[in-house]
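1. Please work out how this folds:
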Amino acid sequence: MQPCPPHRHAHRTAQHAAAGCQLASADRIALPPPSPFSDRKILEFSTAHKQTCFIAPLARCVNKAIQHWGGGVGSGVGSGGAGSGGAGPRIIRTVAEYRSLRESWFREGLTVGFVPTMGALHEGHTTLAREARKTCDRVVASIFVNPAQFAPTEDLAKYPRTEEQDVRMLGAERVDVVFAPSVTEMYPAGITLQVKEQFGTFVEVKGKSHQMEGSIRPHFFRGVATVVSKLFNIMQPTHAYFGQKDVQQCSVIRSMVRDLFYPLQVVVVPTIRESDGLAMSSRNRYLSPSERAIAPVLYRALQASTRAFEAGTTSRDELVAVAEKVIAEEPGVKLEYISIADPYLLEEVGHVDRKAGAILSGAIRVGTTRIIDNVLLGLDPKGL
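-> As a prediction, the model looks like this:
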């Protein structure tokens, strides 16, 4: 059987498929079986649905045309996954196995939504997966507790690990794949929590990593940028989903995507809260009942400053004072910082420009648990 010539149009590919010819390895794509539908109908479908039938999306266009007229052709490799009515997500633990799957999705021209997590999932995480499911053909979530973003004095050892429950939650959102690698898989050169002793390649976003959360955890965003860069290279998503609760992380990652030319779209989803306003977080489970009762004070403080801003106050000092007063009235809470920062540069502002807006954020400790939160002054999360 002779290899087919390179294909540029859906009708040519349909002809070759019907003739039973074989694509050369460089051009091989997942084609449907011989179709009873004419070349003209496929072209009519591609025009009506604005399909771009070149290179990787070529097979997808042909498959969609045939499905449209009732051909019953599945969508290839992912058709048995959770997103397509399967029993649950496929769990993958190695880069090699995932890349083999991703290659098949490339050939089908499928979009891939990626939700990076450290596990211990809650409604905030599942909301990200739900948003990805609305937009993307395939949805992949990672579960990986990243050592590089923990200091030696922090809670790496006790960070909750609930993989079985996490997989069930992701399956309920029709996630197709859960990537759950080992530390060795993600850091082949090894990893230590002592930054000065680390060996290998790390990513750092200058100018956005030292302030706000970075002022308390100076190592943190280096670890975040490194692991997210690795995951982007492995997952090769078309869309990546992050929660507004970690607003500085969103800004750091957007800069990294821009500067390193990652071909993907970063989607920021608004913070998901408990009924009393506490931002959902994996670390909330550390709180005792009495600590949990006072934990929403940070959000109340940020809301008080927001009301002052909406009433006409734009001075940073005045807005910060409003928030600090609310927190000071709650015993058992230690304030770490209140920040009012430019939404793009993350530099502190003296006054909030009503057109440009600002990020109002803060961190407190309740017992031994850190709680972070933020609200947007004059901004839409989609603009972050």
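
2. need the contact list for residue 195.
-> Each residue near residue 195 by C-beta atoms under 8 Å, 6 or more residues apart in numbering is listed here: 219, 222. Any C-beta I mention is one placed from the backbone N, CA and C, and that applies to glycine too.

3. again with the one 5 residues further on
-> When contacts are counted by C-beta under 8 Å, 6+ apart, residue 200 is found next to 187-191.

4. If any of those residues are buried, put those into a PyMOL selection.
-> To isolate in PyMOL the members of the contacts of residue 200 that are buried, counting by 16 or more other C-beta atoms under 10 Å, one can use:
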select buried, resi 187+191
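
5. any idea whether the one residue sitting closest to the centre of the chain is helix, strand or coil?
-> In the chain, the C-alpha nearest the mean C-alpha coordinate belongs to residue 241, at 2.8 Å (C-alpha atoms, centre = their mean). Following DSSP: H, G, I helix; E, B strand; the rest coil, we place residue 241 in the strand state.

6. Provide the partner residues of it in its beta bridges.
-> Listed by DSSP bridges, the beta-bridge partners for residue 241 are residue 267.

7. tell me the contacts of it?
-> 113-115, 128-129, 131-132, 267, 269.

8. one more time with 7 Å
-> Contacts for residue 241 (C-beta atoms under 7 Å, 6 or more residues apart in numbering) come out as 113-115, 128, 131-132, 267, 269.

9. Out of these, grab the one that's most surrounded.
-> Across the contacts of residue 241, neighbour numbers were computed from other C-beta atoms under 10 Å; residue 115 holds the maximum, 32 neighbours.

10. Look up how far residue 292 lies from it.
-> Separation of residue 115 from residue 292 (C-beta to C-beta, to the nearest Å): 26 Å.

11. Not counting its neighbours along the chain, what's nearest residue 126?
-> residue 173 (5.2 Å; C-beta to C-beta, 6 or more residues apart in numbering).

12. quick one: the one you found and residue 129 touch, right?
-> Yes. Using C-beta atoms under 7 Å, residue 173 is in contact with residue 129, at 4.1 Å.

13. how much space between the residue nearest to residue 126 and residue 167?
-> Look at residue 173 and residue 167: by C-beta to C-beta, they are 11 Å apart.

14. burial count for residue 311?
-> Quick note: residue 311 (other C-beta under 10 Å) scores 7 neighbours.

15. got a list of what it touches?
-> Shown in contact with residue 311 (C-beta under 7 Å, 6+ apart): no residues.

16. Where does the prediction get shaky in the stretch 1-150 of the chain?
-> Scanning the stretch 1-150 of the chain for pLDDT under 70 picks out 1-86.
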